[in-house]
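Enquirer: structural data only, the sequence is not supplied:
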């Protein structure tokens, strides 16, 4: 800490010694995967982040905002290297990004000890704002259980009594299924069966779908994301299940990134997520319009988290006059920010540093233009995680 | 003109000396970030040298060497976090566990010749990856944090400081280099080299070929485990992708680029690839493509790698000098 | 009934693995050369299938064109690169093809981007059929039939034709075959291209079932390698039984021991190699 103060003091001295120099820019390290299998999500978030800063301000309090990119490749060890690079070499003031929870887990201690504020724009592991929370780490995306917790009572309210659960055997899958199971059984539902296929192999869902059919549930609840999500939805339909057993899913099954490549096979799917492009509010309309104009495609749930993060940072910087010499004051300013974004009301919970946001339950329907879209059925307002595990 | 038969000086030991000197310079004159990179290079140098024992010395190309790197990392984490042993004890135990695992895997692998050995090791690597990916005790895909570092408090040093840990890692790399050089120069090392050149002849001479290969595989695995144990401490974190095939591929790239059969070459390769990655990744998101191209070109046109080029350099200079 | 359905699931995976591994296996039998970029060719088969299906708006155009394109790619690969490394050690050959995996991964990203694609199955096989009292996707039955058809064609080709005899002679004893005036190099080229074409076929056939994305090649390459190791290199029989064993073990492993699903295949491989270090039906001596 002393060393840092000293450096800061030195810095100030240099700045004042050279009166002609402009104010130092606020340097923000962008930690996203640009190569590798998650490359698509990383570039989606990076674009939306850029769009966000262009929209809400490229300079605050006389200081420009400078972004420094680093490619985590979605690998924990590489992510940690890059975090070190950004903090030690590039001396960034803030960090933004991180798609994979494993990368977030890897950089957590380092960022915490270095005392550099990190805004997580995707990684949803509950622990990051639970048992492993940190005053320096703010999450603007979601926590896994925050997303699905509302689905149990909702499905039960629609008359579904026996649910079959399925997700890959990994932390996100387990956390979402645990949260769903708890909420569904608490509402009075029963679990007809659960399957957790291993991750990272040649994926054939057929053996599990056959088991699912034998269990004869009222409804199926799943979490799959990326290529396996597309595959699961197809096979669910191909095995003739979609006509008998309604499919409900954490909304990445029909992500805005690929719903245009999915078709009739996802017609009727119930999804629960913090964002769908069809949300009706002025901020979302502006976001989608700008995104479409600049990138030629709809903004996704990944993009919107990065876009909102830009706004959060700009607002919090404005509140402290772009003065980051007291990082804790900046963090307090972050807790003070609230606005209506594309996802609805946005604020950060000071107890966990996780976002408080609306969760949307929607249904995929054939749209007038030929494709399918997710249409909002219900809004669960201001979903907030219990502060239970987190002690700052 | 008389043909001079003077042998060109062997550049490889000078190369080792130069590498140590470069490490010392880096340690003295770079900031914390430079020292973090130095630790990383040292860890991967150990990893690459262990693979070079297999590839360069015994002619056994393994595409699953990361399995043992990951095993070492996971074992040190298990002993350190679950059993709560100090790192000084956890590290040798982790190396021992890795050695046993390498011996078991080697039992299947070394019986297969040439290309089949390669395929078997690739499968072993993916098997270990799949195992850790599904191991709930280690938080599966999320990986596990909170792994401590060796304690230097008896020297009044804090191993959390990049300066201390990088010095430790570099010393470890030098120790592994000396150990492996000793092995390579021992009768066992000569047997391995002979095995690479002409296995049938060695077999007909009554040499227990399989046992020699198994010994080499076990030693290489154990040292990769040592590198993994260091990496786990450096990062304070482990995750299944330590065992992923791309890690095995990258360490093989290091060995090939640096120069097969030269221990210091392997270390040089580790340094080159890591520095290149830090710089290329900033320039292009398709750096894997360039790495692949570099790898293919090195395999095709530069069998001795960079170390081989360096060793030919004095000879060329010598020849040019002679002509004048 | 459920058992029979699961059997079909296993057979479908086996059929795909057979298409992929037979090329690997026979090329190895002939030339002691293993192409680790075989999975990459599978991936390119799928991508080219996507491209052709989009260009001609027809699954069948993709189904026939993509394998040809991949085979042509294989021929080019052979002419530009592999022919020149024939003299090098087998180790260097493998390493070059390993480097190609890295290159292929990024080339797929450069050309097709990072988002997953898929092809719609042809209208004939779009729905499900009633079988054993359950709905089963017709396209999966088609995949099984495709595997059987290719196997039969290869069997006839190997056993009944002149070039088949040359291939068998080359696998049995390359030097002797060469001494008898067979242009082993040309036979090898032919078999190599055929193997590439089959990998492409597997890719395009898999595209309606498996999502197409950079990185789809590695998991299936590993399975195909295990098939070759388990089945024993160099023989059609080995590829066939290896694929069946691996396909069924994978499927039933997930059904019967879901906790160990990740490890079933590897346990199978270890067990086979314990008993028969050269695989079940080796046609070529391994060393």
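Expert: Yes, it's here. As the structure is a computational prediction, the values presented were derived from the model and not from experiment.
Enquirer: now for residue B:177: which residues touch it?
Expert: Each residue near residue B:177 by C-beta atoms under 8 Å, 6 or more residues apart in numbering or on different chains is listed here: B:16, B:45, B:49, B:263-264, B:267. Every C-beta, even on glycine, is put in place using the N, C-alpha and C of the backbone.
Enquirer: doesn't it belong to a helix?
Expert: Yes. Judged by DSSP: H, G, I helix; E, B strand; the rest coil, residue B:177 forms part of a helix.
Enquirer: for it, give its distance to residue B:53.
Expert: According to C-beta to C-beta, to the nearest Å, residue B:177 and residue B:53 sit 11 Å apart.
Enquirer: and what of residue A:248?
Expert: As judged by C-beta to C-beta, residue A:248 and residue B:53 stand 54 Å apart.
Enquirer: next one: residue B:195
Expert: For residue B:195, the distance to residue B:53 equals 12 Å [C-beta to C-beta].
Enquirer: same drill for the two, tell me which one is more crowded.
Expert: Using other C-beta atoms under 10 Å in any protein chain shown, the more surrounded residue of residue B:195 and residue B:53 is residue B:53, with 26 against 21.
Enquirer: does that one touch residue B:180 like I think?
Expert: Yes. Contact criterion C-beta atoms under 8 Å: residue B:53 and residue B:180 qualify, at 5.8 Å.
Enquirer: okay, now residue A:115: neighbour count?
Expert: When neighbours are counted by other C-beta under 10 Å, residue A:115 registers 14.
Enquirer: does the helix or strand encompassing residue C:64 reach chain A?
Expert: Following DSSP states H and E, one finds residue C:64 within helix C:59-80. No. Figure legend: helix C:59-80 not in contact with chain A (C-beta under 8 Å from any C-beta of the partner chain); closest approach 14.3 Å.
Enquirer: same thing with stretch C:21-40?
Expert: No. Stretch C:21-40 is not in contact with chain A by C-beta under 8 Å from any C-beta; minimum separation 10.7 Å.
Enquirer: endpoints of that stretch, how far apart?
Expert: End-to-end distance for stretch C:21-40: 13 Å, by C-alpha to C-alpha, to the nearest Å.
Enquirer: state the distance from the nearest residue to residue C:180 once chain neighbours are set aside to residue A:157.
Expert: In space, and not counting its chain neighbours, residue C:180 is closest to residue C:169: 7.2 Å by C-beta to C-beta, 6 or more residues apart in numbering or on different chains. Using C-beta to C-beta, one gets 72 Å for the distance from residue C:169 to residue A:157.
Enquirer: which parts of the stretch 251-392 of chain A are strands?
Expert: With DSSP state E, counting those that start in this stretch, the ranges of strands along the stretch 251-392 of chain A come out as A:270-273, A:338-341, A:344-348, A:355-366, A:372-383.
Enquirer: with mean neighbour count, distance to residue A:323 and mean pLDDT added, can I get those in CSV?
Expert: Shown next, in CSV, are those (neighbours: other C-beta atoms under 10 Å in any protein chain shown; distance: least, C-beta to C-beta, whole Å; pLDDT from 0 to 100):
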stretch, mean neighbour count, distance to residue A:323, mean pLDDT
strand A:270-273, 25, 37, 96
strand A:338-341, 15, 21, 95
strand A:344-348, 19, 20, 96
strand A:355-366, 21, 25, 94
strand A:372-383, 17, 31, 92
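Enquirer: residue B:107 is nearest to which of those?
Expert: Smallest distance to residue B:107 across these (C-beta to C-beta): 49.5 Å, for strand A:270-273.
Enquirer: which residues touch stretch C:251-261?
Expert: Contacting residues not belonging to stretch C:251-261 are listed as A:195-198, A:201, A:204, A:206-208, A:210-211, C:6, C:9-10, C:13, C:264-265, C:267 [C-beta under 8 Å, 6+ apart].
Enquirer: so how do I select the buried members of these in PyMOL?
Expert: Remark: buried members of those, expressed as a PyMOL selection using 16 or more other C-beta atoms under 10 Å in any protein chain shown:
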select buried, (chain A and resi 195+196+197+198+201+204+206+207+208+210+211) or (chain C and resi 6+9+10+13+264+265)
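Enquirer: interface residues of the stretch 101-250 of chain A facing chain B?
Expert: A:101-102, A:105-106, A:108-110, A:125, A:127, A:132, A:169-171, A:198-201.
Enquirer: what secondary structure does residue B:72 sit in?
Expert: helix.
Enquirer: ok, residue 76 - contacts?
Expert: All of this is about chain A. Residue A:76 neighbours (C-beta under 8 Å, 6+ apart): A:100, A:102-103, A:105-106, B:143, B:235, B:237, B:239, B:241.
Enquirer: my question was about chain B, not that one.
Expert: Residue B:76 makes contacts with B:87, B:90-91, B:93-94, B:147, B:228-229, B:232-233, as judged by C-beta under 8 Å, 6+ apart.
Enquirer: between the residues you listed, which is nearest chain C?
Expert: The nearest member of the contacts of residue B:76 to chain C, counting by C-beta to the nearest C-beta, is residue B:228 at 20.4 Å.
Enquirer: show me what contacts the closest one?
Expert: The contact partners of residue B:228, by C-beta under 8 Å, 6+ apart, come to B:47, B:68-74, B:76, B:94, B:98, B:242.
Enquirer: could you flag which of the residues you listed are buried?
Expert: Buried members of these, counted by 16+ other C-beta under 10 Å: B:47, B:68-74, B:76, B:94, B:98, B:242.
Enquirer: in the stretch 151-300 of chain B, which residue sits nearest chain C?
Expert: Closest point on the stretch 151-300 of chain B to chain C, by C-beta to the nearest C-beta, is residue B:292, at 3.1 Å.
Enquirer: surely that residue touches residue C:107?
Expert: No. If you go by C-beta under 8 Å, residue B:292 and residue C:107 don't touch, sitting 9.2 Å apart.
Enquirer: so which bits of the stretch 101-250 of chain C are right by chain B?
Expert: Near chain B, when you scan the stretch 101-250 of chain C using C-beta under 8 Å from any C-beta, you find C:101-103, C:105-107, C:109-110, C:218, C:222, C:225-226, C:228-229, C:233.
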